[in-house]
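Participant: Let's see this in three dimensions:
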Amino acid sequence: MGGQALELQIGRLTEQIDLQQQLRTRLEALAGRLRLAEEVSVEDLMHTMEVMSRMDQYYTAEQRGSLQHRREIVGDERIREVETTAWPRLIEEVRDAVDRGVDPASAQAQALARRWMALIQEFTGGDPGIERSLATMYQEERPQDIHPSLDPRMGEYMAFINKAAPAAPR
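Facilitator: Numbering: from 1, shown residues only. Model prediction:
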């Protein structure tokens, strides 16, 4: 009987440790974002925490650990560059291609798809499980809920890229 109570207590303690480690990881990521930002509003801070909580729904603890390790490898400077320049520029080019009715099999669409996939691979480290979790998140969430700067038509752009990607030589 005493052994069962001890095992139960160990189980509870393990859960608490896991929760504390998750909180530490979230706070470390948040601190990293704050270091990069010149000024952060309470609204931005709350949104960042919501996104971090949402990630828990789509990524396993192991995947989140891999993403954190990937973040350390890539570096905060490169992440900021991708978030503020590379992705917005690429999304704008994809929006333009979609609006002009560019054929997904065209060389232009394939070039856009290669750039898109390269940015995803840089984020995921090429981990197919993380890529599936990312795709699931984008299928199930509104783009603005993932990040307020995302274009509401992201699903449309992703469909275009998915049509172009199989034709794009790797």
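
Participant: Which strand or helix spans the most centrally placed residue in the chain?
Facilitator: Nearest to the mean C-alpha position of the chain, counting by C-alpha atoms, centre = their mean, stands L134 at 6.1 Å. Taking DSSP states H and E as the definition, one finds L134 inside helix 128-140.

Participant: Against G75, how distant is M55?
Facilitator: Note on M55: its distance to G75, by C-beta to C-beta, to the nearest Å, is 20 Å. Just so you know, the C-beta spots here come from the backbone N, C-alpha and C atoms, and that holds for glycine as well.

Participant: what's near enough to touch M137?
Facilitator: M137 sits next to 54-55, 57-58, 146 when contact means C-beta atoms under 8 Å, 6 or more residues apart in numbering.

Participant: Dump stretch 84-96 to CSV, keeping only the CA atoms.
Facilitator: What follows is stretch 84-96 as a C-alpha-only set of coordinates in CSV (Å, rounded to 0.1, in the frame of the first residue of the first chain):
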residue,chain,number,x,y,z
THR,A,84,9.9,40.5,-41.0
THR,A,85,11.3,40.3,-44.5
ALA,A,86,11.6,36.9,-46.2
TRP,A,87,8.1,35.5,-45.5
PRO,A,88,6.2,38.8,-46.1
ARG,A,89,8.0,39.3,-49.4
LEU,A,90,7.4,35.7,-50.5
ILE,A,91,3.7,35.9,-49.4
GLU,A,92,3.3,39.1,-51.4
GLU,A,93,4.8,37.4,-54.5
VAL,A,94,2.5,34.4,-54.1
ARG,A,95,-0.5,36.7,-53.6
ASP,A,96,0.4,38.5,-56.8
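
Participant: pLDDT (mean, whole number) over that stretch?
Facilitator: Across stretch 84-96, pLDDT averages out at 92.

Participant: tally of neighbours for G3?
Facilitator: 7 (other C-beta atoms under 10 Å).
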